[in-house]
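S.K.: My questions concern the predicted model and sequence given below.
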Amino acid sequence: MPHWLREAEAAKARGEDARSSAADDRAHWIAKGVEEYGRGGRKRAAEELGISVGEVDKALARARGLTRPTTMPEPEEVLQRLYALELADLEPLPAEHWQVLRHLVRSTALDATWLHSPGELLAQEVEDLEPDELPADVRQALAQTCRTWSRAAALAAIDALTRGDQAAIPTAEQQ
């Protein structure tokens, strides 16, 4: 099977999973609403939702079949939130330093090995720059900054740099 076809099928499956998860979530909350209303809750929920009582009954049946309701967001959303929190806690850097890191991230082959110590690997990339690309004192300071980042903070920074999300990156000029 060609790679593009596998990826297309995987994307379709992710969409179906998301729709199913959303339907489960909706059913859970409809069941909560019916429970809160008590007597006559099915009819009242149907009226407020603009659906039939039969549709409410289907949602109630679906909610009964759920293993356990959870309010945790999807893993992708958790990761996005984690990255946003980590970026917000980073020490602001001058915009030029972020540009250097952005260039490095976009020109470096990043793979799963980066998950173990992304700050250290990024620092090594900074140190490998030529003196005409970045002065030695700036190179040293920037490499040291990368080494101080936690794993999650470094991955958040790398993610933002890869996506070109300049607004998420704390710069000294924003202060």
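M.R.: That came through, no problem.

S.K.: Please point out which parts of the biggest helix by length in the chain sit buried.
M.R.: Longest helix in the chain, counting residues (DSSP state H): helix 3-37. Residues of helix 3-37 classed as buried by neighbour count (16 or more other CB atoms under 10 Å): 24, 27-28, 30-31, 33-34. Every residue, glycine included, has its C-beta placed from N, CA and C.

S.K.: Closest one of these to residue 119?
M.R.: Distances from residue 119 to the buried residues of helix 3-37, taken as CB to CB, are shortest for residue 24 (38.1 Å).

S.K.: Once you drop chain neighbours, what's closest to the closest one?
M.R.: Using CB to CB, 6 or more residues apart in numbering and skipping residues adjacent in sequence, the residue nearest residue 24 is residue 66, 5.7 Å away.

S.K.: What separation do you get for that neighbour and residue 58?
M.R.: For residue 66, the distance to residue 58 (CB to CB, to the nearest Å) stands at 13 Å.

S.K.: Kindly report the same for residue 168.
M.R.: 41 Å.

S.K.: Look up the pLDDT of the residue nearest to the spatial centre of the chain for me, please.
M.R.: Nearest to the centroid of the C-alpha atoms of the chain, with distances taken as CA atoms, centre = their mean, sits residue 80, at 2.2 Å. Predicted confidence (pLDDT) at residue 80: the value is 92.

S.K.: Contacts for the helix or strand where it lies, please.
M.R.: According to DSSP states H and E, residue 80 maps onto helix 75-89. Helix 75-89 is contacted from outside by 72-73, 150, 152-153, 155-157, 159-160, 168-170, using CB atoms under 8 Å, 6 or more residues apart in numbering.

S.K.: Helix, strand, or coil at the residue of the chain most remote from its centre?
M.R.: In the chain, the greatest distance from the average C-alpha position (CA atoms, centre = their mean) is reached by residue 39, at 41.2 Å. Assigned with DSSP: H, G, I helix; E, B strand; the rest coil, residue 39 falls in the coil class.

S.K.: Got the phi and psi for it?
M.R.: Per-residue torsions, residue 39: phi -60, psi 130 (degrees, to the nearest 10).

S.K.: Contacts only, for it.
M.R.: Contacts of residue 39 (CB under 8 Å, 6+ apart): none.
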